[in-house]
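> Give me coordinates for this.
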Amino acid sequence: MSQRKRVVILGSTGSIGESALKVARDIPDRMEVVGLAAGRSAKSLLAQANEFKPRAVALYDTGELDSIRGQLPVGTACHGGPEGLIELATMPEADMVLISIVGTAGLAPALAAIRAGKAIAVASKEILVMAGEEVTREAAKYNVPILPVDSEHNAIFQCLVGEPTRHIQRLILTASGGPFRQTPASELAKVTPAQALKHPTWTMGRKITIDSATLFNKGLEMIEARWLFGVPMSQVDVVVHPQSIVHSLVEFVDGSQLAQLSHSDMCFPIQYAVTYPDRLPNRLRPLNLAEQGSLTFEAANPEKFPALRLAREAGNAGGTLPAVLNAANEIAVPAFLEEKILFPSIWHVVEAVMQRHKNIEHPSLDDILKADAWARSAAQEEVASRRIECP
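Numbers count the residues shown, from 1 in each chain. Now for the predicted structure:
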């Protein structure tokens, strides 16, 4: 019998974290939750802690700490702030740290977990987009695995089991195409935040939903795949697959392709990451292809959706440019949601900031964080220059 995996979940109150807890309920003999961390959802974190009784919890927003400290289960330690995430990421009791924190806050805990010898399961794109070179180098140094949790990368991971890198011709990420797949490019300037938040397949947070509409989500995944699987950007491709049943494919040098298929449920990739290399029965809905009917595919359009072109440029350049792309997008998305800029301006802001940036090759973590801060400031300037007048 394989050993139970002791898991820390950073970002436990978000959609990925909630899915991870569903997996823990489904396979209690193989997954024990020993740590839970949230940003500012104190009540949700408290409810989770009382159900799973972890060794420790952490709340990034220290202002909410006092509201839960006295209500935690006996024996559950409580930490706060960025230091609290590090405490959980390096817990001696943990075997794996699942990182599903949006933004840059997950980067330091990821590196701390690696240096503490923990396997990391990555659901936060920013970790490998911003610091893929350093994260993968440190993982190799400390001989710890990086297990992908994003459905696309997890699919590729499954397709590559037993295959050496030299067999890879292309990694093909699938994209739903978002809500504007069939919208003419000339109409995109009229898109409202409410329209952009209606994803045709997935129910996700606001930021990632807008990223799916612009295809920046897929662009970030391209850069992430480059580091996860050790291939150049030229071997990473995207195909639009509206049904979101094929989660990604690998094309091998002999022309064969392997794909991983399942319903759109994050519990599938999370369970595989936790139990790898084993597969376990569960209560998730199995796929019936006869009921599903047709699966369709079409080419991605980098002219209509410039995020793909910008991501490829950033991934090819490497250095600090991917961090700049990510940071500028993190400023542009809320500006659109607040109706300060038009939908296409998200791409324009990011491209303008990338063009202004002086790239640093083989950056240190400090270089990356400085580039991130610079890009956010530069993006605010670009947003101000494109600000639309509210009616």
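
> Mind checking the pLDDT average for stretch 308-328?
Stretch 308-328 carries an average pLDDT of 97.

> what's the answer for stretch 69-80, then?
94.

> Can you tell me what sits against it?
Here stretch 69-80 makes contact (CB atoms under 8 Å, 6 or more residues apart in numbering) with 46, 49-50, 53-62, 65, 68, 85, 87-88. C-beta coordinates here come from the backbone N, C-alpha and C atoms, glycine included.

> and if we set it to 7 Å?
46, 49-50, 53-59, 62, 65, 87-88 (CB atoms under 7 Å, 6 or more residues apart in numbering).

> How far away from the center of its chain is that stretch?
Mean-position distance between stretch 69-80 and its chain equals 29 Å (CA atoms, centre = their mean, to the nearest Å).

> Next, the buried residues of it.
72, 76, 78-80 (16 or more other CB atoms under 10 Å).

> Which one of these is nearest to Pro281?
Distance to Pro281 across these (CB to CB) is lowest for Thr76, with 30.8 Å.

> Ends of stretch 332-352, what's the gap?
Start-to-end span of stretch 332-352 (CA to CA, to the nearest Å) is 11 Å.

> who's in contact with that stretch?
Against stretch 332-352 from outside (CB under 7 Å, 6+ apart): 188-189, 191, 193, 196, 206-207, 210-211, 214, 306-307, 310, 325, 328-329, 379, 382-383, 386-388, 390.

> ok, now stretch 27-34?
Contacts for stretch 27-34 (CB under 7 Å, 6+ apart): 2, 4-9, 23-24, 52, 54-55, 91, 93-94, 271, 274-275, 280, 282.

> Could you do stretch 131-151 as well?
16, 98, 107, 110-111, 114-115, 117-123, 127-128, 154, 157, 221, 223, 227-228, 247, 266, 269-270, 273, 276, 362, 365, 368.

> contacting residues around Gly39?
So Gly39 contacts 60-61 (CB under 7 Å, 6+ apart).

> ok, now how distant is it from Leu72?
17 Å (CB to CB, to the nearest Å).

> returning to what we had before: can you tell me which of the contacts of stretch 69-80 end up in strands?
Counted as lying in strands by DSSP state E, out of those, are 56-59.

> which of those residues are buried?
By 16+ other CB under 10 Å, those give 56-59 as buried.

> Closest one of the residues you listed to His357?
For those, the nearest to His357 is Ala58 (33.2 Å; CB to CB).

> pLDDT value on the closest one, please?
pLDDT, Ala58: 96.

> Distance to Val161 for the ones in strands among the contacts of stretch 69-80 - can I get that in CSV?
Shown next, in CSV, are the ones in strands among the contacts of stretch 69-80 (distance: CB to CB, whole Å):
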residue, distance to Val161
Ala56, 33
Val57, 34
Ala58, 34
Leu59, 37
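
> Send over the one helix or strand in the chain whose mean pLDDT sits lowest as PDB, restricted to the C-alpha atoms.
In the chain, no helix or strand scores lower on mean pLDDT, DSSP states H and E than helix 65-69, which sits at a mean of 87. Only the C-alpha atoms of helix 65-69 are listed here, as PDB (Å, rounded to 0.1, in the frame of the first residue of the first chain):
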ATOM      1  CA  LEU A  65      -6.000  36.800  12.300                       C
ATOM      2  CA  ASP A  66      -7.500  37.700  15.600                       C
ATOM      3  CA  SER A  67     -11.000  36.800  14.300                       C
ATOM      4  CA  ILE A  68     -10.000  33.100  14.000                       C
ATOM      5  CA  ARG A  69      -7.100  32.500  16.300                       C
END
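
> Cool, thanks, signing off.
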